[in-house]
Structure formats: structure tokens, C-alpha cells
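1. predicted structure and sequence below. I'll ask about it afterward.
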Amino acid sequence: MKSPKKFNKENIDPIFVNLKELLNPKNRYFIPSYQRSYDWEEQNILKLIENLNSLSDEKDFIFLGNMEIRRETTIQQIIDGQQRITTLLILLNYLNPNKYSDDVIKNMLKIKIQSNDISENIKDEQDKFIDFLNNKDYTAEELKELNGHSNASLRRKKIFNFRNNNVYKLNYYYIKEALNKANIISEKSKQEFAENILNNVYVVAIYINEEIKESEAINIFDTINTTGKPLETKDIFKIKMYEYSKSKNETNPDDIIRKINILHNNIQAQNEKIIELEKNIRENETNGKTEFSEINMISETFSFEDILKIYKFILIARVVNKKDDDIANYKSELFSMSIDNFYDKLFLYILDNIHKKQFEGFENEKINVQDFYDIYETYVNLSNTILNLQNINSETYFAYKMLKKYTSYSWTYNFLPVLFLWRFKVIDDDFNKFVINISKLLEYFSITQRQAINEGKNFINNIIIKIVNMSFSAEKINEEIEEKLKKCSEEKLLNKLEGEIAKIRKNKEISCLIIAKVAESKKTENEDKDISEHELLQKYQKLFTRKFDIEHICAIDNDDKRFKDNKNYLGNLMILEYSINRNIRNNAIEKKLEKYKNSKFKVVKNEVHFIEKNGIDYYYDSFSERQNKKVNIVKNYILASE
């Protein structure tokens, strides 16, 4: 294995330059395919014009920060500064079209194109830029559409459409509007302003020699970046994949980046559909009101980072399978690595031969973008199923939502249903069993192992390996989880449930949600027919849509000796709508009752019915009865075998 290269300061040359030198029409700049798209908004344009206009008022010069440029043989690759350089060229094209003509700008800036033989499909950014230069101004009808909406929401949608259509053209319009407001309107003053900008606006141009790889140049940018957006996981991953595909000589690197960009756009489009569906669910739940205090939507949106997270586990599981390593060995730490750290070290190992013991075996594992698309399709399938309440039973729905948000493992393992569906493809009885049982198991570990949760993590990591390993059937995987559930200690669970559970947020949330779920599923005296499966699905959907608190039924400052020592126990807790609970505060039960009657949760209505039927005194005296009943509901739900 090679050791890392030593830093050579001759490969980096920072120079303090003005825009006249930086944007000399003879310069040729290239924005590589792994860079994110040009995305400055109106506020960025306004701030830039405001800064530039201050030159004529109070400042002899202004400083626009650092820019990082990688020098190649015939062209200069922009690492940091593409948003500012692109905007400045658009501005100069407007201010001085003689010096910075359309043809000059076309020659100065090439976007995401490296050679003439690249597929037409990846020239979208360059095509938009050229389309803008060929047709810069909006028609009267387009201007009316852009500015004709007093409704802020409609205006945002229209602007979003104009940005998607051609962000260069939209920002050219914003530049003209901003300059007009600044009274820089005459042809002479425009040219004078352009010269003033070129001569008196400075940057530190950090020139990187081509001996430094793209990923190393990006690391430098990420360290010194002061004016742009910080790099996101997907940006860094694209750069690594660009180098990875170059090293393999199997696929055009730009084609790989194009596929990742298309996938990212697909995710954004899918999330917009999901957000619209979730908005409809919220509005149906609140009769058109969508106040934050009313809503507790567990969103089904997902990100490119979510896909990378699942793929991380898939890669690890594949290598562990092939190496026949036990999960307890040194590779176990890979499961808990952040996705940034994992992929950074993985690519260092593969591309630079930097020795990392945990990554032995990964050099033969191909990183395939098609796998990302398969995971994406699985996310789409499952999110549509959950949101439309189709092809899923109520027990699975409840377990899925609990797993997604309410266990102590939610942020680590909420992707498990997606991984299982990715492997076995269909939402069937095996899928239902998996989601229900894995959710119950993690509920058990969440309640019983608040601090030491390694047992739960190690077991789940082994399950992940078995899901990815093609020799394990869905039935075998479910059998293993069921066996683990059978071994769960009833004594440990009861010990936690019977204590002061209100002091531990996850424990009280899990317990009260299970109690609320069981209440919704049972027919009451007032109902003349059994609840249908679809009705139950709708009830559970509302359970996870309404924003709730965990309510102390008897106020926590109540000094009645019959209740004083019991107020933080499960018998005194229930789920209650946020808006209702924040109104009743710490009043006595007698005063709370009328507010309780407004609740839509059946568990609350049952509590009201019990108090009204038996009286307040009996309610105080029967705490042990209610405590035991609630504890048993939670215990029986979690430990009951399917």
C-alpha cells in the first residue's frame, strides 16, 4: 500500500487579482460535470449589485472572497467561484456587450463539457447557457406571468418554473432590474460601471496545478470556503465517483455524473409529489388548517444521502459475506460510520491505496450507479404505499411509523423496510412480518437498554448482512427476528415500564403510542360494528398526523397523597393533542375533563368515560389498576409473537 503524497506548496499559487485580470476575454474557464448547477437566486443578485454599487459611493475597491481554479493545459477548471464568475460574466455581458459579447462569453465559459465526443444528453447546462445568450429578454407575456401574481405562493411557483426553464435568463432579468433600481441606466454609465468593477473589484485566485487531483482540490476548497455554500455529501460523492470511473476506464466519467444528476433531479421531483400528498393529508385532518401546532407529519420524503446510506450498508454486507468475517470483528465499526466518513475512507482506499484495515476486500466491490436507481425505485414504491394506504395492512403501517421515528434506533435504522423491499421486491406477508417484528424488537431495546444498545445494533447489523446475502430467504430472516423476540426478557421490560417512565422521553412516547394504537383498534360501547381494516389504517394515519404531547392526567404539581408518588408512572400518562394540552396546563382533573372531550384520540375518550362513570375519587384510588392495565398492554404488544 502507498502512503499519502506529501504536500508540495509549488502546486498551489494564491494571487490577489482584480476582475480585469481574472475575466480577461482571452481566458478559458471550464465548469466540470461533477460541480453542482448554477443556482443563484434574486437575493444573491441584489446583494452582489449592492456591493458593486458601493464602489462609486464610499469604497475605492471591494473584495469578493477567494476563488479556486485548477490549471490544465488549455483551460482553467473552476473549483470554487462558479456562481460568482458566471453571474459576473452575465452582468458584464449586459453592461458592456461590445467587450463581453455573446461570442466572447461563449468562448470564456464552458459548462460541464470536456470534449467534443461527449453524449448530447449531458450538455443540458451548456445548452441552457447558450439559449440564454441567444435569447436574453423575456416577452411582455412572460414578464406579465412572472410578475403578475399578488399571491406569494403562486409567485414562488412561477419563479420556480422560470428558474427550472433557464436560471441564466432569469438572473439576467434580476440583474437589469437591480441596476435600474440603482439608477445605472444610461449606456455611458453602464460602461463606466463595468470598467469600475473590472478595475476595482478583487479576489484571491488560488491556482491549483493539474498534478493535484480533483478530489484533493475540492478538499482545499472545502477548507477555505468562505463565500459559497458548504459542500453537501452528494457533491463530494460525485467528485469521488468522477475519479473512480476515470480510474476504472469502464464508463465515461461525465456519463456517470449525468446519471447521478438525473437521479438527484428525480428525487427532488418525487419529493415534490410526496409533499403535495402530505399537504392534502394534513388539510383533510385539520379541515384546511395546517398550523404547526396541529401537525406531526412523519414525512416520506427522502434524499440522495438516504440512498447513499443504504448503499453503504449494502457494500459492507457484500464484503463481509465474501470475506466470511464475523460481525464482531474490526469491520463492525464500519456500520456506525457516518456516510461522509465511510465514503471518504473507501475512496481513499480504492483510489489512493491508502491502507485501511477495515476496508480490505472493498477493492473488488464495484460501485454501481444502477444500484442507486434500484434503491430510489424502492423508496418511491414504499412512500406511495404508505401515503395512499394501499397494499399495506394496519399492523404493518403502525409498526413502520414507530420504526421510522419513535425508537432510539430511528435515525440509524429507519431505512430497514426499504432495504428489505429492495432485496425481496414485493410487499407481502414476509414484508409485513419483517416490519412488525423488527419494530417491536427495536421498541424493546429502546425501552430496556437506554444506555447500552450495542446488543440491538449488533443483532440488526447481522440482519442487514442476511438481507443482502442472497442465500438467506425472507422466511429465514423473519424466523431469526422472531427467535430473538422470544428471548427478550419480560422482567427487563416490566422493570422499565413499571418505573417513572415519564422521565425518559422515548419510553413514554413508545408506551403511550402503543396504548393509543390498541385503543383505536377496539370497538367501544357506542360503536355498533367492528372496525374495518381500511378504517383502522385511517385511524393510525391520524394517530401519526396529529401533533401530540404526553399528558400527565393528574397534574405534576398535585400534592394529593393518593397520587403524589405516582404522577410520573404510566398509569398517569396518555397521548393528547398538542393544542389541547397547551391550553389546559396543570389544572386539576375536574377542569381538564371538558377539554379532554374535544380530543379525537379514542384513548382519551376512554379515560373521560372511565372518570365520568366511576367518579374522581375512584379514579384517584384505582391508580394501581390502571397502571397494571397499561403496562400489560405495552408488554403484550411488544412481546406477542406474530
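-> Looks like it arrived, so ask away. All of these numbers come straight from a predicted model, not from anything done at the bench.

2. right, and residue 376 touches residue 268 too?
-> No: here residue 376 lies out of contact with residue 268, judged by Cβ atoms under 8 Å, at a distance of 11.6 Å. Heads up, the C-betas are built off the backbone N, CA and C, glycines and all.

3. more crowded one of these two?
-> Taking neighbours as other Cβ atoms under 10 Å, residue 376 and residue 268 compare with residue 376 leading, 21 against 12.

4. please, which helix or strand holds the more buried one?
-> Assigned by DSSP states H and E, residue 376 falls within helix 369-388.

5. roughly how far is that helix from the heart of the chain?
-> Averaged C-alpha coordinates place helix 369-388 at 15 Å from its chain's average position (Cα atoms, centre = their mean, to the nearest Å).

6. and it, which residues are buried?
-> 369, 371-373, 375-376, 378-387 (16 or more other Cβ atoms under 10 Å).

7. and that helix, what's its mean pLDDT?
-> On average, the pLDDT along helix 369-388 is 95.

8. cool, stretch 266-284 as well?
-> So the average pLDDT for stretch 266-284 ends up being 88.

9. could I get the buried residue list for it?
-> Neighbour-count burial for stretch 266-284, with 16+ other Cβ under 10 Å as criterion, is recorded at 267, 270-271, 274, 277-278, 281-282.

10. end to end, how far does stretch 35-54 reach?
-> Start and end residues of stretch 35-54 are separated by 31 Å (Cα to Cα, to the nearest Å).

11. now do that stretch, average pLDDT.
-> So the average pLDDT for stretch 35-54 ends up being 86.

12. which other residues reach it?
-> The list of residues contacting stretch 35-54 from outside it, by Cβ atoms under 8 Å, 6 or more residues apart in numbering, reads 62, 64, 78, 82-84, 86-87, 91, 111-112, 125, 159, 163, 167-168, 171, 174-175, 178-179, 182, 184, 193, 197, 201, 235, 261.

13. which elements pack onto the helix holding residue 376?
-> Contacts defined by 3 or more Cβ pairs under 8 Å, 6 or more residues apart in numbering; DSSP states H and E place helix 369-388 against helix 253-285, helix 304-323, helix 416-424.

14. for residue 189, see how far away residue 171 is.
-> 21 Å (Cβ to Cβ, to the nearest Å).

15. and what of residue 172?
-> Distance from residue 172 to residue 189, by Cβ to Cβ: 19 Å.

16. over to residue 505?
-> For residue 505 relative to residue 189 (Cβ to Cβ), the value is 62 Å.

17. if you count surrounding residues, which of those two has more?
-> Neighbour count, other Cβ under 10 Å: between residue 505 and residue 189, residue 189 has more, with 15 against 12.

18. who touches that one in this structure?
-> Contacts of residue 189 (Cβ under 8 Å, 6+ apart): none.

19. report the residue ranges of every domain in the protein.
-> 9-227, 232-370, 389-486, 496-639 (automatic domain parsing).

20. just those: most buried one?
-> Burial of the domains of the chain is given as mean neighbour count (mean count of other Cβ atoms under 10 Å); domain 389-486 ranks first at a mean of 19.

21. surely residue 543 meets residue 515?
-> No: using Cβ under 8 Å, residue 543 makes no contact with residue 515, being 11.1 Å away.

22. just to revisit the earlier point, now distance to residue 300 too, for the buried residues of stretch 266-284, in TSV please.
-> Listed next are those as TSV, based on distance: Cβ to Cβ, whole Å:
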residue	distance to residue 300
267	12
270	10
271	9
274	5
277	8
278	7
281	10
282	13
